[in-house]
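[1] Build me a model from this:
(2 chains)
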Amino acid sequence: MRRAFPLLLALSLALALAFLALPLLAIFLRVSPAELVAQLGDERAREALLVSLKTSLVAHALILAVGTPAAYLLATRGFRGRGLVVTLLELPLVLPPAVAGLGLLAAFGRSGLLGEELSALGLEIPFTQIAVVLAICFVASPFYIRAGIAAFESIDPALPAAARTLGAAPARVFARVSLPLALGGLGAGSTLAFARGLGEFGATIMFAGSLPGRTQTAPLAIYDVLDEDLEVALALGALLVVVSIAILVGAKLLTSWARSPSPSITLSAPSGSR
Amino acid sequence: MGTLSVSLDHALRAFRLAVELDVGRETLALVGPSGTGKSSVLRAVAGLLAPGRGRVAVGAETWLDTERGIDLPPERRSVGLVFQDYALFPHLDVRGNVAFGGRDRVGELLERFRISHLAAVRPGSLSGGERQRVALARALAREPEVLLLDEPLSALDTHTRGVVRGELAELLAELHLPSVLVTHDFEDAAALADRVGVLVDGRVLQLGTAAELLAAPADSFVASFTGANLLPGTARPAAGGLTEVVLDSGGSAHSTDGAGGRVGLAVYPWEIALARAEPGDSALNHIRGEVRSLVPLGNRVRVRVGPLTAEITAASAARLALAEGEPVVASFKATATRLVPLS
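    Take a look at the predicted model:
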């Protein structure tokens, strides 16, 4: 009986590992590497990958540009209602993607909240690549902002204070001290947000549709070609698995780098360095 | 460049910080236990803390005047602040740290603080003493009109501390700037500062030279903070114009100070002599007790006897063959005692 508990723990872990790894393994057992490369030559796969890459990169640039200063503000200033603001920003993390798509339609759709204003500007968003970008931003940015707040909060407050007393105005403190020190944590959050955006499905299909060559991203293409050409779907799937592994490893490396006590020690020789 | 004048009234968590200071081209040390608002004074001068009410001016230049709505941001106050743990930028090398404050004198400052050979090293691999020199060089790179030092020696080990204290004293004398230094160590304050202010619960209890504080502590707190033995008791007039203090710890002692009622009798450890038997000398006060502990401090030994701590030379301690638990007599003159109000 004494061995029963450790055995139970080991069995649970084995079960979880088998269940979670099996589907991924199954994909690779069905597609050989040579086949994978060949199937990626398929027109629809190529188009979908291109749409995914383009929209993910644009969305990611927007997330970094807006999310970084927003996270900095939330990490460094206390104000009334801060908790509420943070909660609102985190809400998309737990929201069902279909609800996210619905909300985006209700806000930016032709008969939506801002529909008239957008039409007046000659802008039609639903079922365009802009819609794909917005859907990605909506579901992925909270990952980045959350990590950003944590990264900026972990900076010793004496460092920006010291920079101020050395004559640096707030913008210079941000650029020369806070941003470089938060870089590891921001990088980790950034990779997670990118991964979440790349895999976006539910909000995109509701808000942007699945038009091949225009709004059909790789995950949407997998679903779309599944019935007709399982091989292409598997090849796309395998590629996304590889990309995901790369992103996960990258995020872990960045996180451990950010947590090390002095993240950027160089091995410069202490002597003769004038 | 002129006098730094500071007047603050600011509510902290447990008490009010109410301080008025004028600092010429001298070093003023604010000493006191932790959490009494010492660092808050520095932060308010540097502009990192906005006091409820106050005024900070250097010469004719006003940095803060809550009544006139003036509050310059830290970057516009010409101040060098050395933080308690130095707050060096971990992502910049020594040169980058110093140059952050101003690029013009970097080479000269690196030379002066003997850190030129470390120019390309990051703070993570520096020793405590080296970090302190980098922090000082960085604070001076801006050519500040006022220098503020927050516990500049507390991050150092005992050995480094003595060396750095001497260097810092020389530097402060040489700079000749209005300087305010915060420390919880009276010895550091006495060694580094021209004047010492004892800050307790947001108020300056006493301000004067270290010698003045030692000679005439304003109350029992200042006395014990400056290192005196403090024996509480009740005072009453005695023959010969002396005062007799009936000690709470038992027995009594005489003082040349006049007082009545509840008082603290203060006597410094170096005023106390030890003997095996009661000596027939001129000292009026003799307290018998067992040696409770012996702590060697270089060429001296701190000996705890009953309620007292005496400091005698290591040679005397050896000659008396002192050991824990053995009976001794501690003697001190009535003229070496101060009677202070109990705080």
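
[2] switch to C-alpha atoms for all contacts and neighbour counts from now on
    Noted.

[3] Dump stretch A:71-89 to CSV, keeping only the CA atoms.
    Written as CSV, here are the backbone C-alpha positions of stretch A:71-89 (Å, rounded to 0.1, in the frame of the first residue of the first chain):
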residue,chain,number,x,y,z
ALA,A,71,1.2,48.1,-20.1
TYR,A,72,3.8,50.6,-18.9
LEU,A,73,1.2,53.0,-17.8
LEU,A,74,-0.7,50.3,-15.9
ALA,A,75,2.4,49.1,-14.3
THR,A,76,3.8,52.4,-13.2
ARG,A,77,0.8,54.5,-12.3
GLY,A,78,-1.8,53.8,-9.6
PHE,A,79,-5.2,55.4,-10.3
ARG,A,80,-8.8,54.9,-9.4
GLY,A,81,-10.4,52.1,-11.4
ARG,A,82,-7.0,50.6,-12.4
GLY,A,83,-8.2,47.1,-11.3
LEU,A,84,-11.3,47.4,-13.5
VAL,A,85,-9.3,48.5,-16.5
VAL,A,86,-6.9,45.6,-16.1
THR,A,87,-9.9,43.2,-15.8
LEU,A,88,-11.5,44.5,-18.9
LEU,A,89,-8.3,44.2,-20.8
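
[4] Pull the residues that contact that stretch.
    A:142, A:145, A:146, A:148, A:149, A:150, A:152, A:153 (CA atoms under 8 Å, 6 or more residues apart in numbering or on different chains).

[5] so what secondary structure elements neighbour the strand or helix carrying the fifth one?
    With secondary structure defined by DSSP states H and E, residue A:149 is part of helix A:129-153. For helix A:129-153, the helices and strands in contact under the criterion 3 or more CA pairs under 8 Å, 6 or more residues apart in numbering or on different chains; DSSP states H and E are helix A:43-76, helix A:82-94, helix A:97-108, helix A:179-198, helix A:202-207.

[6] Quick one: distance of the following helix or strand past that helix to the chain centre.
    Where DSSP H and E defines the elements, the next helix or strand beyond helix A:129-153 is helix A:158-165. Mean-position distance between helix A:158-165 and its chain equals 32 Å (CA atoms, centre = their mean, to the nearest Å).

[7] Quick check: which of the helices and strands packed on helix A:129-153 is buried the most?
    helix A:202-207 (a mean of 25; mean count of other CA atoms under 10 Å in any protein chain shown).

[8] In three-state terms, label the residue of chain A found nearest chain B for me.
    Nearest to chain B in chain A, going by CA to the nearest CA, is residue A:167, at a distance of 3.9 Å. Three-state call for residue A:167 (DSSP: H, G, I helix; E, B strand; the rest coil): coil.

[9] And the pLDDT for it?
    Predicted confidence (pLDDT) at residue A:167: the value is 94.

[10] do residue A:228 as well
    Listed pLDDT for residue A:228 reads 87.

[11] Which helix or which strand is home to it?
    Using DSSP H and E, residue A:228 maps to neither a helix nor a strand.

[12] need the contact list for it.
    Per CA under 8 Å, 6+ apart, neighbours of residue A:228: none.

[13] Compute the number of surrounding residues for residue 149.
    Picked chain A for this. By the criterion of other CA atoms under 10 Å in any protein chain shown, residue A:149 has 25 neighbours.

[14] sorry, should have said chain B
    As a burial measure, residue B:149 scores 22 neighbours (other CA under 10 Å).
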